[in-house]
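[1] Sharing a sequence plus its predicted fold:
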There are 2 protein chains.
Amino acid sequence: MGISERKERERQEMRTKIIDAATAMFMTEGYEKTSIRNIAEKIEYSPATLYLYYKDKDELLYEVQKQAFSKLEEAFAREVNSTDPLERLSQICHSYVHFGKDNPKMYDLMFMMQAPMNTIKENEPWKNNKDSFVVLLDCLTECMEKDLLRFDDAMLAAFSVWAMGHGLVSLNVSCRLQTMNMTGANVDVLITTAIDQYLKQIKK
Amino acid sequence: MGISERKERERQEMRTKIIDAATAMFMTEGYEKTSIRNIAEKIEYSPATLYLYYKDKDELLYEVQKQAFSKLEEAFAREVNSTDPLERLSQICHSYVHFGKDNPKMYDLMFMMQAPMNTIKENEPWKNNKDSFVVLLDCLTECMEKDLLRFDDAMLAAFSVWAMGHGLVSLNVSCRLQTMNMTGANVDVLITTAIDQYLKQIKK
DNA sequence: TTTGGAAAATAAACAGTGTTTAGTAAATTT
DNA sequence: AAATTTACTAAACACTGTTTATTTTCCAAA
């Protein structure tokens, strides 16, 4: 009975082969400019073969999104380690912003693009985001147990902090900060300053 | 010499005819699913004709974006009227959030999508956003002159408030709030609550 | 009023896209 | 060795944005 196991293994290998190629091309060229044909050519298979492993291009993107969230969780695991909950909150925020700055294309498909969400519709709720959100929620819950923040509800606090972080990062990723004429380096300072200011403002 | 004036007038009429059709279709079907051929068919001209009036599809979208920002400015003009700067700040925030909730497709192309920004590149800086941003900046400048807010710099304050508002709205528009399982009505309450909470937190 | 030329509109083509279908080649089972 | 299942692909379908060559429409001068 080793054959069906090998087949299943080979199937998984093929899936990751496809996803890896797709990820690489989405990151360098962007989603729209990456075609199924390009991906197929890169892994030296015919375009039709991809459809034996993934339903459509959106599902491919959804899988890439999954991987991107793992990257964010890894970043959190590396950079969020303080036992002081307020300090940890700061680490989470800066880790998040840093991730967005270093991986704009990933950030785009994780939090901004419509395409990968089309795969959900009517299905189970989206949960790619869950683990990293829970890191934030747990941190804020601890902060509030110790009465450190000017919030009444941990969930509202988590949502607010996320919204602020996302607002700062996504306006940058979507190039909307051209409104305030600044160079790239200044934008980084601006975002970091805004985050620190916000943390001070919500602190009790 | 009335002929060349009529021609110019007819040219402008054609341009608005195209933009109006494009706007309507972008709003109902979305940018990707709206094709040049569809727009051409709607206004009963050949696809090639559109290229006599607009360089490419991105430029079309850029023009639609311009109109969308006018709509936002109209909303501000209608809903932002208090002489009390703090009250006015609240009106701006709620007007902004309300606009995003009522016009998600417009909000998307104004603040989230990459496509319309491709038209800028290397050109003059993007300024479609400027007027509405100045409304916010002026309000915050007045707030700070009267020492009402926990900010040191009006520009940073404007950026922060915008980021918070944008974060709240855009996470909703991009369907990322599925993370927190809520019905549509509850999401509205959550966003409004978050805004009000934030305004309290930045108040001196 | 006819004619020449400019301007406006288009038909058709080009090079691409995501996806499906029908058919071939390989691997496994009988 | 034959039959059957599995894996793959060539070719087609119905689109897409955009360009080119051609036709139609319009206006001015002869």
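    On my side now, so go ahead.
[2] Can the longest helix along chain A be said to contact DNA strand C?
    Ranked by residue count, the top helix of chain A under DSSP state H comes out as helix A:2-29. Yes - Helix A:2-29 lies within reach of DNA strand C by C-beta under 7 Å from any atom of the strand, at A:I3, A:S4, A:R6, A:K7. (C-beta placed from N, C-alpha, C; glycine too.)
[3] can you tell me which two in those are farthest apart?
    A:S4 and A:R6 (7.4 Å; C-beta to C-beta).
[4] about what we covered before: for the record, mean pLDDT for the longest helix of chain A?
    Taken as a whole, helix A:2-29 has a mean pLDDT of 93.
[5] count of neighbours near A:S160?
    25 (other C-beta atoms under 10 Å in any protein chain shown).
[6] for chain A, what spans make up the helices?
    A:2-29, A:36-42, A:47-50, A:57-79, A:85-102, A:104-107, A:130-145, A:154-173, A:184-202.
[7] which stretch among those comes nearest DNA strand D?
    Of all the helices of chain A, helix A:47-50 sits nearest to DNA strand D, with 3.4 Å by C-beta to the nearest atom of the strand.
[8] same for the closest one, what does it pack against?
    Helix A:47-50 sits against helix A:36-42, with contacts defined as 3 or more C-beta pairs under 8 Å, 6 or more residues apart in numbering or on different chains; DSSP states H and E.
[9] re earlier: so the longest helix of chain A versus helix A:57-79, what angle?
    80 degrees (axes from the mean of the first three to the mean of the last three C-alpha atoms, to 10 degrees).
[10] Contacts (any at all) between DNA strand D and helix A:2-29?
    Yes - counting by C-beta under 7 Å from any atom of the strand, DNA strand D is contacted by helix A:2-29 at A:K7, A:E10, A:R11, A:M14.
[11] Over to stretch A:31-38?
    No - applying C-beta under 7 Å from any atom of the strand, one finds stretch A:31-38 out of contact with DNA strand D, separated by at least 8.8 Å.
[12] anything in that stretch near DNA strand C?
    Yes - under the criterion of C-beta under 7 Å from any atom of the strand, stretch A:31-38 makes contact with DNA strand C via A:T34, A:S35, A:I36, A:R37, A:N38.
[13] Filter the residues you listed down to the buried ones, ChimeraX style.
    With 16 or more other C-beta atoms under 10 Å in any protein chain shown as the criterion, this ChimeraX line picks the buried residues out of the residues of stretch A:31-38 next to DNA strand C:
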select /A:34,36
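[14] And the residues of stretch A:31-38 next to DNA strand C, which two are furthest apart?
    Once C-beta to C-beta is applied, these give A:T34 and A:R37 as the farthest pair, at 9.7 Å.
[15] Name the helix or strand of chain A that has the lowest mean pLDDT.
    helix A:2-29 (a mean of 93; mean pLDDT, DSSP states H and E).
[16] Now that helix: buried residues?
    For helix A:2-29, by 16+ other C-beta under 10 Å, it's A:M14, A:I18, A:I19, A:A21, A:A22, A:T23, A:M25, A:F26, A:M27.
[17] Isn't the last one up against A:K105?
    Which is A:M27. Yes - the criterion here is C-beta atoms under 8 Å, and A:M27 meets it with A:K105 at 4.9 Å.
[18] Can you pull up the residues of chain A that come close to DNA strand D?
    A:K7, A:E10, A:R11, A:M14, A:Y45, A:S46, A:P47, A:A48, A:T49, A:L52.
[19] Mind telling me the two of these farthest from one another?
    Most distant of those, by C-beta to C-beta, are A:K7 and A:P47, 22.5 Å apart.
[20] does any part of stretch A:137-152 sit near chain B?
    Yes - using C-beta under 8 Å from any C-beta of the partner chain, stretch A:137-152 reaches chain B at A:R150, A:F151.
[21] mean confidence score for that stretch?
    98.
[22] Tell me the span between the first and last residue of that stretch.
    For stretch A:137-152, the first-to-last residue distance is 13 Å (C-alpha to C-alpha, to the nearest Å).
[23] which helices and strands does the longest helix of chain A pack with?
    helix A:36-42, helix A:57-79, helix A:104-107.
[24] Mind checking if the second one is in reach of chain B?
    In other words, helix A:57-79. No - in terms of C-beta under 8 Å from any C-beta, no part of helix A:57-79 sits within range of chain B; the closest distance is 11.0 Å.
[25] Now that helix: buried residues?
    The neighbour-count check on helix A:57-79 (16+ other C-beta under 10 Å) flags A:57-58, A:60-65, A:68-69, A:72, A:75-76 as buried.
[26] Turn the residues you listed into CSV, columns for pLDDT and distance to A:E124.
    Below are the buried residues of helix A:57-79 laid out as CSV (pLDDT from 0 to 100; distance: C-beta to C-beta, whole Å):
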residue, pLDDT, distance to A:E124
A:K57, 97, 21
A:D58, 97, 16
A:L60, 97, 19
A:L61, 97, 18
A:Y62, 97, 12
A:E63, 97, 15
A:V64, 97, 19
A:Q65, 97, 15
A:A68, 97, 19
A:F69, 98, 16
A:L72, 98, 21
A:A75, 98, 26
A:F76, 98, 24
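[27] Give me every residue in chain A lying close to DNA strand C.
    A:3-4, A:6-7, A:34-38, A:47-48, A:51, A:56-58.
[28] hmm, try it at 10 Å
    A:1-4, A:6-7, A:10, A:29, A:31-41, A:46-52, A:54-61, A:118 (C-beta under 10 Å from any atom of the strand).
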